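J.: sequence and computational prediction follow.
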Amino acid sequence: MKKYALSVLRIVFPAAVLLFVIYQAKKELAGLSFKETFLIINNVERIDLFILVFLGFAAIAAMSLYDFVLVRSLGMRISKWKTVKISWIANSFNNVLGFGGLSGAGLRTILYKEHVSDVKKLIKGIAWLASSILLGLSVLSIFVLVRLLPSGGLLSEKAWVLLAVAGMAMIAPAAAAVLIIRKKRSGGIEKGLKLSDFFSYLSASVIEWLAAGTVMYFSLVTMGIELDVRTVLGVFAIASVGGMISLVPGGFGSFDLLFLIGMNQLGIDQEITLTAVVLYRIAYSFIPFGLGLVFAAADLTGNTMKKLEEKPIIAPAIETTNILLILHRALLFRLLNGSLAVISFCCGAIVLVSVALPIDRVTLIPHVSKHMLTFFNGLSLSFALILLILPLELYRRTKRSYYMTLTALAFAFVFSLFKGFNISAVFLIPLVFILFILLRGQFTRERTVYTFGQIAWGAFIFLFTLLNYNIIASKIWEGLGHILTRDYFIHSERHVNFATVFALFFVPLFFAVLITIYNRKTKEVGEEPDPAKLEKFLQEKGGNALSHLGFLGDKRFFYSSDGNALIQFAKIGQRLVVLGDPSGLKESFPLILKEFLHLADQKGYLVTFYQIEREDMALYHDFGYRFFKLGEEAIVDLDTFTISGKKRAGLRAIYNRFEREGYTFHVEEPPFSQEFLHELRHISDEWLGRKKEKGFSLGFFKEEYLQKAPIAVLKDEAGEIIAFMNIMPMYREGEMSIDLMRYSEKAPKGIMDALFIYLFQWGKEQGYTAFNMGMAPLSNVGTSLQSFWTERLAAVIFNNVSYMYSFSGLRSFKEKYKPVWRGKYLAYRKNRSLPVTMILVTRLIGRRAK
């Protein structure tokens, strides 16, 4: 109960703080004009912005001192550059995601784990590192309390502020006292954190907070504010305490609001302070976070990401029952795995901002007409939107998304130059382009397949962003266009409307053309039909009830790497439909499923398994599949089958009638003559009439296929063939079946029953013990009120709409032979539509046989 209460408190407290911050911010910022804030930022000297960004980088780099202490204390053998990169990733993510240092601790655990032999010792070290971040803030809080760092009236603004700062000030002295007392009690033997490491962490923490405060101070200097650096650091320390205890990610809102209040008490204009805070966040949080994503994209891939996915350790001693931590872990993993996607999105956002806002003052072609510049603006908007949508596929690291991103980046760069020289876009895009080139080896999948929901989500992002661009950009130009006419080449609302309409048509066209081009380059999965290879495999390794259908030639084949298992499948749309369970040795089934699903995923196909049996359902479940019961196949026990007795009087009557009328049953062995096959062809055509042959899971008349197994025929008293069945090997001990059962127009009533009776008797004579009569579709499906609604709906439709097919009649026909019913299932991906899957499989079966 206590653990549950703490878990709830960890969620409720940050949420309550965030709501309080929003409420307070609404009052404090009521009179601010964000339009003025934009104008202030736009007028800042670019050299000052570069210096600010450099200071932000220096501040993040200073935080690597923590990691050097950790590496030294644990005796890790790791290069200094590697340590700096790990530190940068952990700290830049922690500055944005926060959660009390959870992100940084989790990332360090992941990245340092492979460099230590004792993981528990690493976790303890990281726990000390994470807690030591408070030491420097504690020292600054002491300086605030003793007025070495004056803070105006902020300390006395609220009682809780003074209590929070006082509490923070006690942390460093208390920690030092505990360590010293522990050392004395142990007789000078240091257990746990050493005093030397403690003071190293303390020094690193003080340097970190001073560096962060320096960035904040220079942000104010950039705005033209001249204040004593000690006063700025005092207000900064108090605001940082508020942000730290709020547990809000990155201290966003809580830190900013307190700093805004503190500066306001010092007489600084709120709009100037707000602009300085925005610049601080950009320089200290967001731009370093972008570089952290670059490092993550380069380092957190391959084996590291695989280990993270399989065993995602996010923080020391995490209770994964905590909902907040689970959600944070999921978010962190997606950010790491999708780092390149986030970079592309940010790049698109920057290009979009450069299109929407009046920040372009120079063009490479100043003498070109304004109509042409407007056209370039439309192209820039289009490629910005493309870069915003592409992350949906970039997250999956497909080659298709890689080339599409390079194309979009190249054109975004060109048109950013042509429409107006924007520093951010012009310098950022080439760096991102180079990054993608360097990391091209990470794009291993050919392409990916989208569900309707994913396509709808992409369309929503596109239309939502485009609509808001039109609204916001129009408002901006309406309010600022007349002011900026002299400095900007495009200064009317008309170019906004043109760019919107242009992008509305260009972006879908771009995706349609490039996706079509890349899809055509995707190679087929598996091998072409090879009857000789298939026959040898089935004879040596064995098969199942559907393996013989591989000789039809309408499917492709995939063999496991050890050569002991085989899958037969066909492609329809972007799906690969596998017929039945794998053939071959059972111990190789997990291997072939893993290899086939991986290859299909690399090629961008979805995989569906049709007519699998219950025995191996656990295998498919492990790969994330759901199941739909297709029906049941009837297995007749030939040892116990008889036409004797009162209950079999009907069958016995049919058999006796055919015997009296002189019908004879023969089983012919291959190879067959052309005359014999021609006679069977004639019967088959009569039986088909106007119907078309089906395929995939159903046999069709093909001479090469029929030559692979014996054919049973029924002749009349004149010796003319009136019906035939091709006997289909089951590749199971004692089991047999048939595929095609066709009869001529001359065949008498009861011909199907007669064929089965004759075949059962022949099978018993040949030593067979079971006869597979095939599947009764939707047999015993949806019969219970507790059945899945999809199965119940299918049963209602197919069993009551007789013009489609009398499935219930098929089961009744087979039921009189008293078979054992064995379920057959469809395995489909759990996040895919069952109706769409069923429609595609039905189309595949009904596809005209070749």
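T.: Cool, the structure landed.
J.: which helices and strands sit right next to whichever helix or strand Phe464 is part of?
T.: Phe464 belongs to helix 452-480 when assigned by DSSP states H and E. Packing partners of helix 452-480 (3 or more C-beta pairs under 8 Å, 6 or more residues apart in numbering; DSSP states H and E): helix 34-43, helix 339-356, helix 370-389, helix 391-394, helix 494-521. (Glycine included, C-beta is placed from N, CA and C.)
J.: and the residue nearest to Lys764 when sequence neighbours are not counted, how close does it get to His621?
T.: If the residues on either side of it in the chain are set aside, Lys764 comes closest to Leu638, at 4.9 Å by C-beta to C-beta, 6 or more residues apart in numbering. For Leu638, the distance to His621 equals 34 Å [C-beta to C-beta, to the nearest Å].
J.: so between these two, which is more surrounded?
T.: Leu638 (23 against 13; other C-beta atoms under 10 Å).
J.: I'd assumed Gly763 was in contact with the more buried one.
T.: Yes. When contacts are counted by C-beta atoms under 8 Å, Leu638 is listed as touching Gly763 (5.4 Å).
J.: the helix holding Phe464 vs helix 339-356, what angle?
T.: Between helix 452-480 and helix 339-356, the angle comes out at 30 degrees (axes from the mean of the first three to the mean of the last three C-alpha atoms, to 10 degrees).
J.: what angle separates helix 452-480 from helix 494-521?
T.: 160 degrees.
J.: going forward, the N-terminal residue is numbered 440.
T.: Taking 440 as the first residue, the last one we looked at is helix 891-919.
J.: show me how far helix 891-919 is from its chain's centre.
T.: Distance of helix 891-919 from its chain centroid, counting by C-alpha atoms, centre = their mean, to the nearest Å, is 24 Å.
J.: one more: stretch 1138-1152?
T.: Computed by C-alpha atoms, centre = their mean, the chain-centroid distance of stretch 1138-1152 equals 46 Å.
J.: contacts made by it with the rest, please.
T.: Contacts of stretch 1138-1152 with the rest of the structure, by C-beta atoms under 8 Å, 6 or more residues apart in numbering, involve 970, 974, 987-988, 990-992, 1104-1111, 1116, 1119-1120, 1123, 1132-1133, 1160, 1162-1168, 1177-1179, 1181, 1194, 1197-1198, 1201, 1288.
J.: let me know how buried Leu587 is, in neighbour terms.
T.: Neighbourhood size, Leu587 [other C-beta under 10 Å]: 12.
J.: repeat that for His934.
T.: 24.
J.: quick one: it from Asn816, how far?
T.: Remark: distance between His934 and Asn816 (C-beta to C-beta) = 5 Å.
J.: look up phi and psi at the closest residue to Ala1073 other than its chain neighbours.
T.: Distance criterion C-beta to C-beta, 6+ apart; nearest residue to Ala1073, sequence neighbours excluded, is Pro1258 at 3.6 Å. The phi and psi values for Pro1258, taken as degrees, to the nearest 10, are phi -80, psi 170.
J.: now the strands for the chain?
T.: 995-998, 1004-1011, 1014-1018, 1022-1023, 1045-1052, 1064-1076, 1103-1107, 1150-1154, 1160-1168, 1174-1182, 1209-1216, 1259-1268 (DSSP state E).
J.: and the ones you listed as TSV, adding mean pLDDT, mean neighbour count and distance to Ile789?
T.: Listed next are the strands of the chain as TSV, based on pLDDT from 0 to 100; neighbours: other C-beta atoms under 10 Å; distance: least, C-beta to C-beta, whole Å:
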stretch	mean pLDDT	mean neighbour count	distance to Ile789
strand 995-998	93	20	45
strand 1004-1011	92	22	41
strand 1014-1018	91	24	38
strand 1022-1023	92	26	54
strand 1045-1052	90	22	35
strand 1064-1076	86	20	41
strand 1103-1107	91	15	76
strand 1150-1154	91	20	71
strand 1160-1168	91	22	64
strand 1174-1182	89	20	62
strand 1209-1216	82	21	56
strand 1259-1268	86	19	36
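J.: got the ones you listed as a markdown table, with distance to Tyr656 columns?
T.: Shown next, in a markdown table, are those (distance: least, C-beta to C-beta, whole Å):
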| stretch | distance to Tyr656 |
| --- | --- |
| strand 995-998 | 64 |
| strand 1004-1011 | 63 |
| strand 1014-1018 | 60 |
| strand 1022-1023 | 71 |
| strand 1045-1052 | 56 |
| strand 1064-1076 | 58 |
| strand 1103-1107 | 97 |
| strand 1150-1154 | 93 |
| strand 1160-1168 | 84 |
| strand 1174-1182 | 84 |
| strand 1209-1216 | 76 |
| strand 1259-1268 | 55 |
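J.: these: which one's closest to Pro612?
T.: Smallest distance to Pro612 across the strands of the chain (C-beta to C-beta): 58.3 Å, for strand 1259-1268.
J.: report all helices and strands that that closest one contacts.
T.: strand 1045-1052, helix 1056-1061, strand 1064-1076, helix 1273-1285.
J.: next, format those as JSON lines and append distance to Ile1011.
T.: Formatted as JSON lines, these follow (distance: least, C-beta to C-beta, whole Å):
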{"stretch": "strand 1045-1052", "distance to Ile1011": "9"}
{"stretch": "helix 1056-1061", "distance to Ile1011": "19"}
{"stretch": "strand 1064-1076", "distance to Ile1011": "17"}
{"stretch": "helix 1273-1285", "distance to Ile1011": "4"}
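J.: much appreciated, bye for now.
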